[in-house]
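*Asks:* need a structure here:
(4 chains)
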There are 4 protein chains.
Amino acid sequence: MEKETARIEGFSDGVFAIAITLLVLELRIPAAESNNNPQALINSLLAQWPSFLAFSLSFFSIFIMWVNHHKMFKQIYRRNSTLMFANGLILFLATCVSYPTALLARYYGTPSVTVAVAVYTGLFVLINLAFNLLWGIASRNRTLLRPEISEVAIKKIRRNYQYGIPVHLSAFLLSFCWPGGALILCAGLWTYWAFTSRKLDLSANLAKRS
Amino acid sequence: MEKETARIEGFSDGVFAIAITLLVLELRIPAAESNNNPQALINSLLAQWPSFLAFSLSFFSIFIMWVNHHKMFKQIYRRNSTLMFANGLILFLATCVSYPTALLARYYGTPSVTVAVAVYTGLFVLINLAFNLLWGIASRNRTLLRPEISEVAIKKIRRNYQYGIPVHLSAFLLSFCWPGGALILCAGLWTYWAFTSRKLDLSANLAKRS
Amino acid sequence: MEKETARIEGFSDGVFAIAITLLVLELRIPAAESNNNPQALINSLLAQWPSFLAFSLSFFSIFIMWVNHHKMFKQIYRRNSTLMFANGLILFLATCVSYPTALLARYYGTPSVTVAVAVYTGLFVLINLAFNLLWGIASRNRTLLRPEISEVAIKKIRRNYQYGIPVHLSAFLLSFCWPGGALILCAGLWTYWAFTSRKLDLSANLAKRS
Amino acid sequence: MEKETARIEGFSDGVFAIAITLLVLELRIPAAESNNNPQALINSLLAQWPSFLAFSLSFFSIFIMWVNHHKMFKQIYRRNSTLMFANGLILFLATCVSYPTALLARYYGTPSVTVAVAVYTGLFVLINLAFNLLWGIASRNRTLLRPEISEVAIKKIRRNYQYGIPVHLSAFLLSFCWPGGALILCAGLWTYWAFTSRKLDLSANLAKRS
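*Replies:* Predicted structure coming up:
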């Protein structure tokens, strides 16, 4: 069976690639006048560490989103309008990531950081809902999936992403009392996804062989 | 018959993907000094709602444009120069969307909003004319289309997009007396297109089978 | 024979698509305070016409560059390092277009316009040299081209682009005494290319059949 | 054997294409008021030469990164999670290039230039480590590579990139006493890579035939 989703994947890859690269526009070089004072320039560069941290964290998060998107669409062979709009929602939210990233970079280290981290983690709650929605639509209607996919592989993918909502929700709540901890929790989940992505592949391949 | 339009579709997808993602650059974090006052930050975030609304509306509109473009090019197999320039016109207008979006975000809630909404809806009148032009060129010259396409499917696609011009023209006129209503009218049409896109697919597939 | 240049074309399409879309970032909404005065907003929008003109002209020019690039690479099947760097030079110059576009938008209607137009037309002299270089490299080494291409088709493509250098050079010289005329000359050549692109296609196809 | 890495290459090409094109956003037209004084405009354009130099150098460096990436992935046929994240690291660092480019453009010709050049060359040390990591992962696990690749070709690619770390490290150290020399050293290495990329191709093709 021919894959019908090639152009959706191409367009999505384009949006992910642009969203991940536009993040760097928030990294602005220090405005302070340091022409004749290299030490002052070093200090103002180092003072920008929240910007670098926010940029790296968001780059990593969009990259994980792309990896997850890639893995789901490896199993999706046909499309319908509902699937296209669930995918559009994911792209919309991926595009939005740069806004809370800028908030985080701007307010880290100030008392207003809780608001920034709450917006940041809140967006990832929505992103997880959208990914679960996409996989729900694709797996409810088996005709959309790769014909040889096993029931076990479908469930494994669903279970992997269902961790996302409670963890990001906890991070959202945690952001009000310990903003740094909320970000660590998010980064931890993304690292977990990075390491388990291999296992998902294996189980999908096993399903293919059997 | 081999599809000759692959590189045009790839380039168009690139432009749509960038145009839709660049919209986020208009979402700028509040400039107000709210370091020590989380409540003030929340207030200035909430005060940005016209920016969020304009961003969401324009994201949705370019996404619908991409879906429509996708559907038309599923039926277009060959290209000529006229088709390439009609497509170039669509890409030009898609790129322009960010300008009236910024106007809308900036002037919403002020007496100048009528001008912003008139420019916004006016651009969509032009976009509709360009889509009708593209389909007109493609369907006039049957050698450009997928060989198996039926006359009924061609007409259905044309009829679907012909709603666009009168509705957007009405929205343009409405913008001078009720700007909010003009935007609701546009969003309504786009939602209608989102829901009817499935039916077009079905009729095209039926034409394929018969 | 398999086409070896697919990934070069994909990367080039990406750069052209981004360069053409980034032009819109130079279209900035009027900064003047016109909240309560719709007529003042209309006036400041109309006063931006040089920006719209420069944006449209540059969009058209990059689109023509992409069409020409597309046509050349339809005949190029293999690649070597020289070809890759000639292509890299074209992409570099295409990326640069936004800079003189911003100059043109900023200085149109002032006595400094000659400098802006000279930089603008000067860049297109370089772009033409780069396109001639690419086609020179590709056609000198027949093993890089589509095996069935005829000697007549190769010469026709070369002749078509050789008009570019003298016309853009004339536009460059004209820019010092009649800047508007220099832009009209450029736009005229691009329109000519838009209309003759069909003929090139036909001759290439004829060569294919014989 | 089918190539499994097509979507990774597509996404990477997208990120490289955007990173290379976004560099131009750092080229800002002179802010000085030169409406009535063409000579003043010419002078302020010429005074921007560090910006043009930094832009050209970084464009060239990302282009060479893309060429190298292209060459490596021509030999990589399968992917695993480690490979995907090594590739993600390369994309992250490629995206970062615009930041030290802006630093270089801003501080060239001031006593603070050493800091800017040290950050710039330091980033390329990291980029080289990431490329060596990618090739190390790919070549350690022969099942990831093109089945027909010879041991000689694998070693040749590794050796070619191993020059990168000591040269960029030397450039980093040199930046503290002779910043201009550090940039010349980098540009020299990239030019060397541009010229040797053909030889790598040949040896890979020879390996293919034997």
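
*Asks:* Can you pull the residues of chain A lying near chain C?
*Replies:* By the rule CB under 8 Å from any CB of the partner chain, the part of chain A lying against chain C is residue A:18. C-beta: built from backbone N, CA, C; applies to glycine.

*Asks:* sec struct for the residue of chain A positioned farthest from its centre, please.
*Replies:* Within chain A, the residue lying farthest from the chain centre (CA atoms, centre = their mean) is residue A:36, at 41.4 Å. With DSSP: H, G, I helix; E, B strand; the rest coil as the basis, residue A:36 sits in coil.

*Asks:* looking at it, it is touching residue D:110, isn't it?
*Replies:* Yes: between residue A:36 and residue D:110 there is a contact under CB atoms under 8 Å: 6.6 Å.

*Asks:* Could you tell me how many residues sit around residue A:15?
*Replies:* Residue A:15 has 26 neighbours, counted by other CB atoms under 10 Å in any protein chain shown.

*Asks:* Contact partners for it?
*Replies:* Contacts for residue A:15 (CB atoms under 8 Å, 6 or more residues apart in numbering or on different chains) come out as A:91, A:94-95, B:17, B:20-21.

*Asks:* List the buried residues for the helix or strand where residue A:72 lies?
*Replies:* Per DSSP states H and E: residue A:72 is located in helix A:49-75. For helix A:49-75, burial by neighbour count (16 or more other CB atoms under 10 Å in any protein chain shown) applies to A:50-51, A:54-55, A:57-75.

*Asks:* which strands and helices sit next to that helix?
*Replies:* Here helix A:49-75 touches helix A:6-22, helix A:81-96, helix A:98-107, helix A:113-140, helix A:151-162, helix A:179-209, helix D:6-22, helix D:81-96, going by 3 or more CB pairs under 8 Å, 6 or more residues apart in numbering or on different chains; DSSP states H and E.

*Asks:* the inter-axis angle of it versus helix A:98-107?
*Replies:* 160 degrees (axes from the mean of the first three to the mean of the last three CA atoms, to 10 degrees).

*Asks:* circling back to that earlier point, give me the subset of the contacts of residue A:15 touching chain D.
*Replies:* Of those, not one also sits near chain D (CB under 8 Å from any CB).

*Asks:* which among those residues end up buried?
*Replies:* The neighbour-count test (16+ other CB under 10 Å) marks A:91, A:94-95, B:17, B:20-21 as buried among those.

*Asks:* quick one: which of those is nearest to chain C?
*Replies:* Nearest to chain C among those, counting by CB to the nearest CB, is residue B:17 at 7.9 Å.

*Asks:* hmm, back to that, can you lay out the buried ones among the contacts of residue A:15 as CSV showing pLDDT?
*Replies:* Formatted as CSV, those follow (pLDDT from 0 to 100):
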residue, pLDDT
A:91, 96
A:94, 96
A:95, 96
B:17, 95
B:20, 95
B:21, 94
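
*Asks:* Closest one of those residues to residue D:44?
*Replies:* Proximity of the buried ones among the contacts of residue A:15 to residue D:44 (CB to CB) peaks at residue B:21, which lies at 32.6 Å.

*Asks:* That closest one reaches residue A:19, doesn't it?
*Replies:* Yes: using CB under 8 Å, residue B:21 is in contact with residue A:19, at 5.5 Å.

*Asks:* what sits in contact with each of the two?
*Replies:* By CB under 8 Å, 6+ apart, the residues touching both residue B:21 and residue A:19 are residue A:95.

*Asks:* which residue does chain A bring closest to chain B?
*Replies:* Per CB to the nearest CB, residue A:14 is where chain A lies closest to chain B, at 3.2 Å.

*Asks:* Just the pLDDT at that residue, thanks.
*Replies:* Predicted confidence (pLDDT) for residue A:14: 92.

*Asks:* go on, residue A:2?
*Replies:* Looking at residue A:2, its pLDDT is 61.

*Asks:* Ok, residue A:101 next?
*Replies:* Here the pLDDT value assigned to residue A:101 is 95.

*Asks:* Give me the nearest residue to it, chain neighbours excluded.
*Replies:* residue A:58 (4.2 Å; CB to CB, 6 or more residues apart in numbering or on different chains).

*Asks:* Distance of the one you found relative to residue A:155?
*Replies:* To residue A:155, residue A:58 is 31 Å away according to CB to CB, to the nearest Å.

*Asks:* Let me know the closest of the buried ones among the contacts of residue A:15 to residue C:144.
*Replies:* Of all these, residue C:144 sits closest to residue B:17, with 30.6 Å by CB to CB.

*Asks:* residue contacts, residue A:19?
*Replies:* By CB under 8 Å, 6+ apart, the contact list for residue A:19 reads A:62, A:94-95, A:97-98, B:21, B:24.

*Asks:* ugh, typo on my part, it should be residue A:111
*Replies:* By CB under 8 Å, 6+ apart, the neighbours of residue A:111 are B:35-38.

*Asks:* What mean pLDDT does the helix holding residue A:72 get?
*Replies:* When pLDDT is averaged along helix A:49-75, the result is 91.

*Asks:* go on, stretch A:159-169?
*Replies:* 85.

*Asks:* ok so, going back, skipping adjacent residues, who's closest to the residue farthest from the centre of chain A in space?
*Replies:* Residue A:36 sits nearest to residue D:111 (CB to CB, 6+ apart), 5.1 Å away.

*Asks:* Which of the three states applies to that neighbour?
*Replies:* Look at residue D:111: counting by three-state DSSP, its state is coil.

*Asks:* how close does it sit to residue C:70?
*Replies:* Residue D:111 sits 49 Å away from residue C:70, going by CB to CB.

*Asks:* So which elements touch the one helix or strand residue A:169 maps to?
*Replies:* Per DSSP H and E, residue A:169 falls inside helix A:164-174. Helix A:164-174 sits against helix A:113-140, helix A:179-209, with contacts defined as 3+ CB pairs under 8 Å, 6+ apart.

*Asks:* Check which residues of stretch A:106-116 are buried.
*Replies:* Using 16+ other CB under 10 Å as the test for burial, stretch A:106-116 gives A:106-108, A:110, A:112-116.

*Asks:* Widest-spaced pair of those?
*Replies:* A:106 and A:114 (13.6 Å).

*Asks:* May I have the residues that are in contact with the residue lying closest to residue A:16 once chain neighbours are set aside?
*Replies:* Distance criterion CB to CB, 6+ apart; nearest residue to residue A:16, sequence neighbours excluded, is residue A:66 at 4.4 Å. Applying CB under 8 Å, 6+ apart to residue A:66 gives the contacts A:13, A:16, A:20, D:11.

*Asks:* Now that we have those, which of them are buried?
*Replies:* With burial judged by 16+ other CB under 10 Å, the buried subset of the contacts of residue A:66 is A:13, A:16, A:20, D:11.

*Asks:* Neighbours of residue A:193, how many?
*Replies:* Using other CB under 10 Å, residue A:193 has 20 other residues around it.

*Asks:* isn't it right up against residue A:68?
*Replies:* Yes: counting by CB under 8 Å, residue A:193 touches residue A:68, with 6.9 Å between them.

*Asks:* one step back: return the member of the contacts of residue A:19 nearest to residue C:169.
*Replies:* Nearest to residue C:169 among the contacts of residue A:19: residue B:21, at 37.9 Å, using CB to CB.
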